[in-house]
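*Asks:* Using only what follows, build the 3D model:
(chains A and B)
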There are 2 protein chains.
Amino acid sequence: MTALGHHLLVEFAGCDAGSLADLEQVTSAMLRAAEASGATVITHSFHHFSPHGVSGAVIVAESHLAIHTWPEHGFAAVDFFSCGAVDMDRAMVLLQEAFRATSESRLELERGPLRKLLA
Amino acid sequence: MTALGHHLLVEFAGCDAGSLADLEQVTSAMLRAAEASGATVITHSFHHFSPHGVSGAVIVAESHLAIHTWPEHGFAAVDFFSCGAVDMDRAMVLLQEAFRATSESRLELERGPLRKLLA
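*Replies:* All right, here's what the predicted structure looks like:
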(Lines give C-alpha, C1' and ligand atoms only; values in the text may rest on other atoms or scores of the structure.)
Protein backbone atom coordinates (compact mmCIF):
# COMPACT_ATOMS: atom_id res chain seq x y z
CA MET A 1 0.00 0.00 0.00
CA THR A 2 1.48 3.33 -1.04
CA ALA A 3 -1.46 5.62 -0.25
CA LEU A 4 -4.51 5.75 1.99
CA GLY A 5 -6.89 6.07 -0.94
CA HIS A 6 -7.09 5.89 -4.68
CA HIS A 7 -9.16 8.24 -6.77
CA LEU A 8 -9.99 7.40 -10.36
CA LEU A 9 -11.41 10.22 -12.48
CA VAL A 10 -12.93 9.18 -15.79
CA GLU A 11 -14.48 11.24 -18.55
CA PHE A 12 -16.76 9.52 -21.01
CA ALA A 13 -17.38 11.25 -24.34
CA GLY A 14 -19.46 10.39 -27.40
CA CYS A 15 -22.15 8.90 -25.16
CA ASP A 16 -25.76 8.19 -25.97
CA ALA A 17 -27.61 11.37 -24.98
CA GLY A 18 -30.82 9.56 -24.05
CA SER A 19 -29.07 7.33 -21.51
CA LEU A 20 -27.28 10.28 -19.88
CA ALA A 21 -30.52 12.24 -19.55
CA ASP A 22 -32.50 9.44 -17.95
CA LEU A 23 -32.44 9.49 -14.15
CA GLU A 24 -33.42 5.84 -13.83
CA GLN A 25 -30.86 4.62 -16.34
CA VAL A 26 -28.03 6.59 -14.74
CA THR A 27 -29.00 5.49 -11.21
CA SER A 28 -29.28 1.86 -12.26
CA ALA A 29 -25.95 1.90 -14.13
CA MET A 30 -24.15 3.52 -11.20
CA LEU A 31 -25.54 1.02 -8.69
CA ARG A 32 -24.62 -1.89 -10.94
CA ALA A 33 -21.13 -0.40 -11.40
CA ALA A 34 -20.62 -0.07 -7.65
CA GLU A 35 -21.76 -3.63 -7.10
CA ALA A 36 -19.63 -4.96 -9.97
CA SER A 37 -16.56 -3.39 -8.34
CA GLY A 38 -17.17 -5.46 -5.22
CA ALA A 39 -17.91 -2.40 -3.09
CA THR A 40 -20.56 -2.46 -0.38
CA VAL A 41 -23.29 0.04 -1.23
CA ILE A 42 -24.53 2.05 1.74
CA THR A 43 -26.82 4.58 0.12
CA HIS A 44 -27.24 6.65 -3.01
CA SER A 45 -28.67 9.94 -4.16
CA PHE A 46 -29.32 10.96 -7.76
CA HIS A 47 -31.29 13.83 -9.19
CA HIS A 48 -32.19 15.42 -12.45
CA PHE A 49 -31.24 18.99 -13.06
CA SER A 50 -32.52 21.50 -15.54
CA PRO A 51 -32.48 21.80 -18.44
CA HIS A 52 -31.07 18.26 -18.61
CA GLY A 53 -28.46 16.02 -17.07
CA VAL A 54 -28.22 13.82 -14.01
CA SER A 55 -26.02 14.24 -10.97
CA GLY A 56 -25.44 12.05 -7.95
CA ALA A 57 -23.37 9.65 -5.97
CA VAL A 58 -23.35 6.16 -4.54
CA ILE A 59 -21.87 6.07 -1.06
CA VAL A 60 -20.04 2.81 -0.63
CA ALA A 61 -18.14 1.59 2.44
CA GLU A 62 -15.11 3.85 2.83
CA SER A 63 -15.54 5.44 -0.57
CA HIS A 64 -17.84 6.99 -3.16
CA LEU A 65 -18.75 6.76 -6.83
CA ALA A 66 -20.09 10.01 -8.27
CA ILE A 67 -21.34 11.15 -11.67
CA HIS A 68 -22.40 14.27 -13.49
CA THR A 69 -23.81 14.04 -16.99
CA TRP A 70 -24.27 16.52 -19.83
CA PRO A 71 -26.48 14.80 -22.40
CA GLU A 72 -26.27 17.81 -24.72
CA HIS A 73 -22.52 17.18 -25.01
CA GLY A 74 -22.72 13.37 -24.85
CA PHE A 75 -20.41 13.74 -21.86
CA ALA A 76 -20.22 12.27 -18.35
CA ALA A 77 -17.66 12.91 -15.61
CA VAL A 78 -17.30 10.03 -13.16
CA ASP A 79 -15.13 9.67 -10.10
CA PHE A 80 -14.51 6.68 -7.91
CA PHE A 81 -12.71 7.15 -4.62
CA SER A 82 -11.70 3.99 -2.84
CA CYS A 83 -9.83 3.10 0.31
CA GLY A 84 -10.24 -0.64 -0.06
CA ALA A 85 -9.81 -3.48 -2.48
CA VAL A 86 -12.38 -2.75 -5.17
CA ASP A 87 -12.19 -3.32 -8.90
CA MET A 88 -12.66 0.19 -10.24
CA ASP A 89 -11.88 -0.90 -13.81
CA ARG A 90 -14.82 -3.27 -13.79
CA ALA A 91 -17.12 -0.45 -12.70
CA MET A 92 -15.87 1.76 -15.51
CA VAL A 93 -16.32 -0.92 -18.19
CA LEU A 94 -19.92 -1.29 -17.09
CA LEU A 95 -20.54 2.47 -17.25
CA GLN A 96 -18.84 2.79 -20.64
CA GLU A 97 -21.17 0.11 -21.98
CA ALA A 98 -24.27 1.57 -20.31
CA PHE A 99 -23.68 5.00 -21.82
CA ARG A 100 -22.23 3.67 -25.08
CA ALA A 101 -19.25 6.00 -24.73
CA THR A 102 -17.02 6.10 -27.80
CA SER A 103 -14.03 7.54 -25.98
CA GLU A 104 -12.80 7.93 -22.44
CA SER A 105 -9.91 9.51 -20.61
CA ARG A 106 -8.68 8.55 -17.17
CA LEU A 107 -6.66 10.08 -14.40
CA GLU A 108 -5.73 7.98 -11.38
CA LEU A 109 -4.53 9.75 -8.27
CA GLU A 110 -3.11 8.62 -4.98
CA ARG A 111 -4.83 10.35 -2.07
CA GLY A 112 -2.83 10.58 1.14
CA PRO A 113 0.52 9.24 -0.05
CA LEU A 114 2.10 7.37 2.83
CA ARG A 115 5.64 8.40 1.91
CA LYS A 116 4.61 11.92 2.92
CA LEU A 117 2.35 11.11 5.89
CA LEU A 118 4.81 8.73 7.53
CA ALA A 119 7.90 10.85 6.78
CA MET B 1 -16.41 29.15 -19.40
CA THR B 2 -13.67 26.77 -20.47
CA ALA B 3 -15.04 23.52 -19.05
CA LEU B 4 -18.36 21.97 -18.03
CA GLY B 5 -17.24 21.37 -14.48
CA HIS B 6 -14.47 22.11 -12.03
CA HIS B 7 -13.14 19.59 -9.57
CA LEU B 8 -11.07 20.72 -6.61
CA LEU B 9 -9.19 18.00 -4.72
CA VAL B 10 -7.78 19.03 -1.36
CA GLU B 11 -5.73 17.05 1.14
CA PHE B 12 -5.60 18.31 4.71
CA ALA B 13 -2.75 17.07 6.89
CA GLY B 14 -1.76 17.69 10.49
CA CYS B 15 -5.42 17.75 11.50
CA ASP B 16 -6.94 17.32 14.94
CA ALA B 17 -7.61 13.57 15.22
CA GLY B 18 -10.63 13.99 17.47
CA SER B 19 -12.45 16.20 14.97
CA LEU B 20 -11.76 13.81 12.09
CA ALA B 21 -13.06 10.83 14.07
CA ASP B 22 -16.31 12.47 15.12
CA LEU B 23 -19.21 11.77 12.78
CA GLU B 24 -21.23 14.76 13.99
CA GLN B 25 -18.35 17.21 13.73
CA VAL B 26 -17.43 16.06 10.21
CA THR B 27 -21.06 16.13 9.03
CA SER B 28 -21.62 19.57 10.50
CA ALA B 29 -18.41 21.01 9.03
CA MET B 30 -19.18 19.61 5.59
CA LEU B 31 -22.74 21.00 5.59
CA ARG B 32 -21.49 24.39 6.74
CA ALA B 33 -18.78 24.30 4.05
CA ALA B 34 -21.32 23.49 1.33
CA GLU B 35 -23.58 26.30 2.51
CA ALA B 36 -20.67 28.77 2.81
CA SER B 37 -19.79 28.08 -0.83
CA GLY B 38 -23.25 29.23 -1.87
CA ALA B 39 -24.24 25.78 -3.12
CA THR B 40 -27.76 24.45 -2.70
CA VAL B 41 -27.68 21.37 -0.48
CA ILE B 42 -29.96 18.57 -1.67
CA THR B 43 -29.05 15.73 0.66
CA HIS B 44 -26.13 14.23 2.52
CA SER B 45 -24.86 10.90 3.75
CA PHE B 46 -22.05 10.36 6.24
CA HIS B 47 -20.98 7.30 8.12
CA HIS B 48 -18.36 6.08 10.51
CA PHE B 49 -16.17 3.23 9.50
CA SER B 50 -14.05 0.89 11.53
CA PRO B 51 -11.68 1.14 13.19
CA HIS B 52 -12.06 4.91 12.87
CA GLY B 53 -12.63 7.60 10.28
CA VAL B 54 -15.63 9.21 8.65
CA SER B 55 -16.69 9.03 5.03
CA GLY B 56 -19.48 10.72 3.16
CA ALA B 57 -20.76 13.30 0.77
CA VAL B 58 -23.05 16.29 0.50
CA ILE B 59 -24.99 16.26 -2.75
CA VAL B 60 -25.51 19.82 -3.86
CA ALA B 61 -27.30 21.06 -6.97
CA GLU B 62 -25.23 19.97 -9.97
CA SER B 63 -22.27 18.93 -7.88
CA HIS B 64 -20.93 17.15 -4.78
CA LEU B 65 -18.65 17.70 -1.82
CA ALA B 66 -17.12 14.49 -0.47
CA ILE B 67 -14.74 13.61 2.34
CA HIS B 68 -12.81 10.66 3.72
CA THR B 69 -10.90 11.03 6.98
CA TRP B 70 -8.08 9.06 8.60
CA PRO B 71 -7.83 10.35 12.19
CA GLU B 72 -4.90 8.04 12.89
CA HIS B 73 -2.92 9.95 10.26
CA GLY B 74 -4.44 13.37 10.97
CA PHE B 75 -5.43 13.29 7.31
CA ALA B 76 -8.57 14.12 5.31
CA ALA B 77 -9.14 13.93 1.56
CA VAL B 78 -11.84 16.29 0.30
CA ASP B 79 -13.20 16.81 -3.16
CA PHE B 80 -15.59 19.42 -4.44
CA PHE B 81 -17.05 19.00 -7.90
CA SER B 82 -18.98 21.95 -9.22
CA CYS B 83 -20.77 22.84 -12.41
CA GLY B 84 -21.97 26.22 -11.24
CA ALA B 85 -20.82 29.43 -9.62
CA VAL B 86 -19.85 28.36 -6.12
CA ASP B 87 -17.04 29.62 -3.92
CA MET B 88 -15.04 26.44 -3.36
CA ASP B 89 -12.23 28.34 -1.63
CA ARG B 90 -14.58 29.52 1.06
CA ALA B 91 -15.68 25.95 1.71
CA MET B 92 -12.08 24.81 2.04
CA VAL B 93 -11.15 27.59 4.48
CA LEU B 94 -14.03 26.53 6.68
CA LEU B 95 -12.94 22.87 6.60
CA GLN B 96 -9.30 23.75 7.27
CA GLU B 97 -10.40 25.66 10.37
CA ALA B 98 -12.83 22.97 11.52
CA PHE B 99 -10.16 20.26 11.37
CA ARG B 100 -7.30 22.55 12.43
CA ALA B 101 -5.21 21.35 9.49
CA THR B 102 -1.62 22.57 9.59
CA SER B 103 -0.98 21.93 5.90
CA GLU B 104 -2.96 21.38 2.76
CA SER B 105 -2.32 20.58 -0.88
CA ARG B 106 -4.68 21.29 -3.73
CA LEU B 107 -5.26 20.09 -7.25
CA GLU B 108 -7.83 21.81 -9.42
CA LEU B 109 -9.01 20.04 -12.53
CA GLU B 110 -11.21 20.99 -15.43
CA ARG B 111 -13.78 18.29 -16.15
CA GLY B 112 -15.17 18.21 -19.66
CA PRO B 113 -12.92 20.79 -21.32
CA LEU B 114 -14.97 22.56 -23.98
CA ARG B 115 -12.02 22.94 -26.37
CA LYS B 116 -12.18 19.17 -26.79
CA LEU B 117 -15.94 18.66 -26.66
CA LEU B 118 -16.73 21.41 -29.15
CA ALA B 119 -13.79 20.63 -31.46
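*Asks:* Could I get the full set of strands for chain A?
*Replies:* Along chain A, the stretches classed as strands by DSSP state E are A:3-13, A:41-48, A:54-60, A:63-70, A:75-82, A:103-113.
*Asks:* Same list (those strands) but as TSV, adding mean pLDDT, mean neighbour count and distance to B:Glu72.
*Replies:* For glycine as for every other residue, the C-beta is placed from the backbone atoms N, C-alpha and C. Below are the strands of chain A laid out as TSV (pLDDT from 0 to 100; neighbours: other CB atoms under 10 Å in any protein chain shown; distance: least, CB to CB, whole Å):
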stretch	mean pLDDT	mean neighbour count	distance to B:Glu72
strand A:3-13	95	21	10
strand A:41-48	91	17	22
strand A:54-60	92	26	21
strand A:63-70	94	27	17
strand A:75-82	96	26	18
strand A:103-113	92	16	11
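*Asks:* mind putting these in a markdown table, distance to B:Gly14 included?
*Replies:* A markdown table is the format used below for the strands of chain A (distance: least, CB to CB, whole Å):
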| stretch | distance to B:Gly14 |
| --- | --- |
| strand A:3-13 | 15 |
| strand A:41-48 | 29 |
| strand A:54-60 | 27 |
| strand A:63-70 | 23 |
| strand A:75-82 | 21 |
| strand A:103-113 | 12 |
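*Asks:* What residues does chain A have near chain B?
*Replies:* Neighbours of chain B within chain A, by CB under 8 Å from any CB of the partner chain: A:4-5, A:7, A:9, A:11, A:13, A:42-43, A:45, A:47, A:49, A:53, A:55-57, A:59, A:61-64, A:66, A:68, A:70, A:73, A:75, A:77, A:79, A:81, A:83, A:107, A:109, A:111-112, A:116-117.
*Asks:* give me the beta-bridge partners of the nearest residue to A:Glu35 once chain neighbours are set aside?
*Replies:* Of all residues not flanking A:Glu35 in the chain, A:Val41 sits nearest, at 6.5 Å (CB to CB, 6 or more residues apart in numbering or on different chains). Beta-bridge partners of A:Val41, counted by DSSP bridges, are A:Val60.
*Asks:* wait, isn't A:Val41 in contact with A:Met30?
*Replies:* No: the criterion here is CB atoms under 8 Å, and A:Val41 misses it with A:Met30 at 9.7 Å.
*Asks:* list the residues that contact both of these two?
*Replies:* Shared contacts of A:Val41 and A:Met30 (CB atoms under 8 Å, 6 or more residues apart in numbering or on different chains): A:Val58.
*Asks:* Kind regards, and thank you for your time.
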